[in-house]
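Q: structure for this input, please:
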Amino acid sequence: MLRASCPNCGAPIAFRSADLPVKVCDYCHSSVLRTGGNLQAMGKVADVPDDVSPLQLGVRGRVGARGFELIGRVRWRYADGAWNEWLAYFDDGSTGWLGESMGRYMLLRQVDPAHVESSVVSLMQGGYDVPPGTEAMIENVHYWASDVKRVSCVASEGELPFNSLDLTAQSVDLMSADEHCASIQKSGDEDVEVFAGQYVSLADIAATGLREFEGWPMPAYPA
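A: You can find the predicted model right below:
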């Protein structure tokens, strides 16, 4: 872990991994980019709006024998609404995303686009629209494109693998006949990124450290 000071306000900040080059300062909300040993304040990000999510930074969970901690969040908005994506930092140093939308949770890990059997990747890489219903095979699971939209990151917090300031993307959500789900995104001139996983419940991931709400009994999941 690299401990340093925010170049904008001087508050202490920490980076857990070389794969996580961005930290949103807890005090001044500057997006701090690390390049080697240099830190640069890229600008102030919007505060994440308060919501009724039971998740928060510091929540811990488990997938099989691997534990993880939620260490970052981005708030995505599109024409019909918004959702949260939480960065999960696993005990082995790898990362994943816990998507949260309308009370459902999707635990996703990054997949090499070369392992996707579909026209979706080539269409997005070329800047073309993806027709809803387009089929895809990802890690032997059959999907189809269920939602195609333009999204923008409107707020963020914690540690992130990218700078969220003014970030927009083309986003394609994919569904399967079971509990598997996937998301494919492309931002600007960046390469297409693919994430695949499945729907989970807070009990499935044995979540601990959840936010408390008046009148909501705090669940006690096994560690």
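Q: quick one: contacts for the closest residue to Phe15 other than its chain neighbours?
A: What sits nearest to Phe15 in space, not counting adjacent residues and going by CB to CB, 6 or more residues apart in numbering, is Leu2, at 4.4 Å. Quick note: C-beta positions are derived from backbone N, CA and C, even for glycine. By CB atoms under 8 Å, 6 or more residues apart in numbering, Leu2 lies in contact with Ala14, Phe15, Arg34.
Q: which residues touch the host helix or strand of the first one?
A: It stands for Ala14. Take DSSP states H and E as the rule and Ala14 turns out to sit in strand 12-15. Residues outside strand 12-15 that contact it (CB under 8 Å, 6+ apart): 1-6, 21, 23, 25-26, 32, 34, 159.
Q: got the CA coordinates for it in CSV?
A: The C-alpha trace of strand 12-15 is given here as CSV (Å, rounded to 0.1, in the frame of the first residue of the first chain):
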residue,chain,number,x,y,z
PRO,A,12,-3.6,11.6,3.8
ILE,A,13,-4.6,9.2,1.0
ALA,A,14,-3.6,5.6,0.3
PHE,A,15,-3.3,3.4,-2.8
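Q: what pairs with it, and is each one parallel or antiparallel?
A: Applying DSSP bridges, strand 12-15 is found paired with strand 2-5 (antiparallel).
Q: mind checking how far the partner strand is from the chain centre?
A: Taking CA atoms, centre = their mean, to the nearest Å, the mean C-alpha location of strand 2-5 is offset from the chain mean by 23 Å.
Q: mind listing what's buried in that strand?
A: Residues of strand 2-5 classed as buried: none (neighbour count, 16 or more other CB atoms under 10 Å).
Q: report pLDDT for the residue nearest to Phe15.
A: Model confidence at Leu2, given as pLDDT, is 87.
Q: what's near enough to touch the nearest residue to Phe162 once chain neighbours are set aside?
A: Using CB to CB, 6+ apart and skipping residues adjacent in sequence, the residue nearest Phe162 is Val22, 6.3 Å away. Neighbour list for Val22: Ser31, Val32, Leu33, Arg34, Glu159, Leu160, Pro161, Phe162, Asn163, Ser164 [criterion: CB under 8 Å, 6+ apart].
Q: quick one: low-confidence parts of this structure?
A: 217-223 (pLDDT under 70).
Q: so what does the lengthiest strand in the chain touch, helix or strand wise?
A: Ranked by residue count under DSSP state E, the longest strand found in the chain is strand 141-160. Strand 141-160 sits against strand 22-24, strand 66-78, strand 81-90, strand 135-138, strand 168-175, strand 180-186, with contacts defined as 3 or more CB pairs under 8 Å, 6 or more residues apart in numbering; DSSP states H and E.
Q: in that strand, what's buried?
A: Result for strand 141-160 [16+ other CB under 10 Å]: buried residues 141, 143, 145, 148, 151, 153-160.
Q: again, but for stretch 40-50
A: Buried residues in stretch 40-50, defined by neighbour count with 16+ other CB under 10 Å: Met42, Val45, Val48.
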